[in-house]
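Novice: Mind folding the following:
(chains A and B)
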Amino acid sequence: MILDFTPILARWQMLMDGAWLTIQLAVATTLTGFLLGTLCAVARRSQFRLAAAVAGTYVEAIRNTPFLVQIFLVYFGLSSLGLSLSAVTVAIIALTINVGAYTAEIMRAGFDSIHKGQWEAAETLGLSKVQQYWHVALRPAMERVYPSLSSQFILLMLASSVTSQISTEELTAAANFIQSATYRPFETYLVIALIYVALSLAMRVVFWAISMVIFPRRRRLGTNL
Amino acid sequence: MSIVVLDNVKKSFGAVKVLHGVSFSVAKGQVMALIGASGSGKSTALRCIDRLEQIDSGRIEVCGHQVADPGLDLRKLRLDVGMVFQSYNLFPHLTIEQNIMLGPVSVKRIPRPEAKGIAAEVLAKVGLADKVTAYPEQLSGGQQQRAAIARSLAMQPKVMLFDEVTSALDPKLTGEVLRVIEELARTGMTMIMVTHEMNFARRIADKIVFMHEGKVHEQGGPEILTAPATPELRDFVSNEL
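Specialist: Take a look at the predicted model:
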């Protein structure tokens, strides 16, 4: 077998454009997914039965269906409602809905790990429920589940390749186009696999840097909560 | 004038009846020690005063708040009542100063610079002026408990509740926490403390309430610890000393 990368490297710019969109999708949906997931975790733990049931149904529905099917449901669902959204918008919506469900379960585990005494201390100080979550529970919960949380968001970046199916022009879509133009599928996918590895490693570094900022106690003492 | 009143308070956890009609009252500036064997209901009674548990029947009045009223504004109750726990319950991700400032800033809406001043003041009171930037895990158990007392003090409560605050500490650390509480008693703070420190209770309490099997079995001045009227208290005291 003779590997020839020249036709692929000639289309380097296209791969870079695709990788850039992949990065943008990952960053945007990490933020929206974290927000949605955390709110769902809070809802699932709340005493309001309806909120807990709605959040629970959403989480189970998403965790028990394939991502590709979810994308098509969002894509065709929104267009049958008469909404003509760009592929990127649909991809962001579908990725957010998907990762939100997994994040909800991770954050729920984090909140559940907060000792009862912490909630009681916050309660007796007069903090409202929202303040208890915000000031007392959120950061320790995040700190405990941070490895799972960051892995989930790296998986999310990798899963964004599936959005090529609705013609979002991210990295995998670029590869699909290049391989059909160059008849060099193996080399093409080998190159983007390496780019995905680089992106994953970069995300790990970024998540480590974020942890150093949002967990000052850990930065100073170097111990786990 | 009584600032805490319990009147025939009953409370069960499922099928287990914990409080079988508890009544007592605490006057402003009084220090009350709530004593009794494990399982006698003293911690539950204390927790009901701050509505960490809701009672089944009876009446609790604290600083004019009807505590059992479902429509009670809990925030107002908690502004008047401070609570210190056996396990300190400091927030591990916040420095000591941040722990103390959280209530004043988020609940009382006191501006940060002013809250910083309050934190410095209460930390000096409990002898931890140099621990402002430390995290709870860097402190000994005794220091953590004193910081927890400071956190509660920073809210300027009218009544303070202490739930076995020295039970997790060795005698030396217990001593440093008790000294802080004693100092507080001298400033005229109304306090209810669930405690197993009989000598301490005898020395600083104005009033002793002895609970036995979910009821107030005997109450009176500190002298009841040396001259108990009931055989149950006599038994209890002789085991504790």
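Novice: My reading is that residue B:219 lies in a helix. Confirm?
Specialist: No: Residue B:219 is assigned strand when assessed by DSSP: H, G, I helix; E, B strand; the rest coil, not a helix.
Novice: Quickly note the distance from it to residue B:60.
Specialist: 17 Å (Cβ to Cβ, to the nearest Å). Every residue, glycine included, has its C-beta placed from N, CA and C.
Novice: So for those two, which sits in the more crowded spot?
Specialist: Per other Cβ atoms under 10 Å in any protein chain shown, whichever of residue B:219 and residue B:60 has more neighbours is residue B:60, with 21 against 18.
Novice: neighbours around the nearest residue to that one once chain neighbours are set aside, how many?
Specialist: Leaving out its chain neighbours, the residue that sits closest to residue B:60 by Cβ to Cβ, 6 or more residues apart in numbering or on different chains is residue B:67, at 4.0 Å. Neighbours of residue B:67 under the rule other Cβ under 10 Å: 23.
Novice: For the closest residue to residue B:198 other than its chain neighbours, which residues are in contact?
Specialist: Leaving aside its chain neighbours, residue B:198 sits nearest to residue B:240 (4.8 Å; criterion: Cβ to Cβ, 6+ apart). Residue B:240 makes contact with B:35, B:196, B:198 under the criterion Cβ atoms under 8 Å, 6 or more residues apart in numbering or on different chains.
Novice: Get me the contact residues on chain A for chain B.
Specialist: Counting by Cβ under 8 Å from any Cβ of the partner chain, chain A comes close to chain B at A:115, A:117-118, A:120-128, A:131, A:135-136, A:139-140, A:143, A:215, A:217, A:220-221, A:223, A:225.
Novice: Chain A versus residue B:180, what's the distance?
Specialist: 18 Å (Cβ to the nearest Cβ, to the nearest Å).
Novice: Packing partners of the longest helix anywhere in chain B?
Specialist: If you go by DSSP state H, chain B has its longest helix at helix B:171-186. Using 3 or more Cβ pairs under 8 Å, 6 or more residues apart in numbering or on different chains; DSSP states H and E as the contact test, the elements touching helix B:171-186 are helix B:141-153, strand B:190-194, helix B:198-204.
Novice: Quick one: those as CSV, columns for mean neighbour count and mean pLDDT too.
Specialist: Output for those, formatted as CSV (neighbours: other Cβ atoms under 10 Å in any protein chain shown; pLDDT from 0 to 100):
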stretch, mean neighbour count, mean pLDDT
helix B:141-153, 25, 97
strand B:190-194, 25, 97
helix B:198-204, 17, 93
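Novice: Please convert these to CSV, extending it with distance to residue A:71.
Specialist: CSV is the format used below for the helices and strands packed on helix B:171-186 (distance: least, Cβ to Cβ, whole Å):
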stretch, distance to residue A:71
helix B:141-153, 49
strand B:190-194, 58
helix B:198-204, 67
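Novice: among the ones you listed, which is nearest residue B:44?
Specialist: Among the helices and strands packed on helix B:171-186, strand B:190-194 comes nearest to residue B:44, with 9.7 Å by Cβ to Cβ.
Novice: check whether the closest one contacts chain A.
Specialist: No: applying Cβ under 8 Å from any Cβ, one finds strand B:190-194 separated from chain A by no less than 13.6 Å.
Novice: If we ignore the residues flanking it in sequence, what's nearest residue 211?
Specialist: Just so you know, I chose chain A. Distances taken as Cβ to Cβ, 6+ apart place residue A:146 nearest to residue A:211, at 6.0 Å, with adjacent residues excluded.
Novice: my bad, chain B
Specialist: Distances taken as Cβ to Cβ, 6+ apart place residue B:36 nearest to residue B:211, at 3.7 Å, with adjacent residues excluded.
Novice: picking that back up, please report how far the residue nearest to residue B:198 lies from residue A:154.
Specialist: Per Cβ to Cβ, residue B:240 is found 58 Å from residue A:154.
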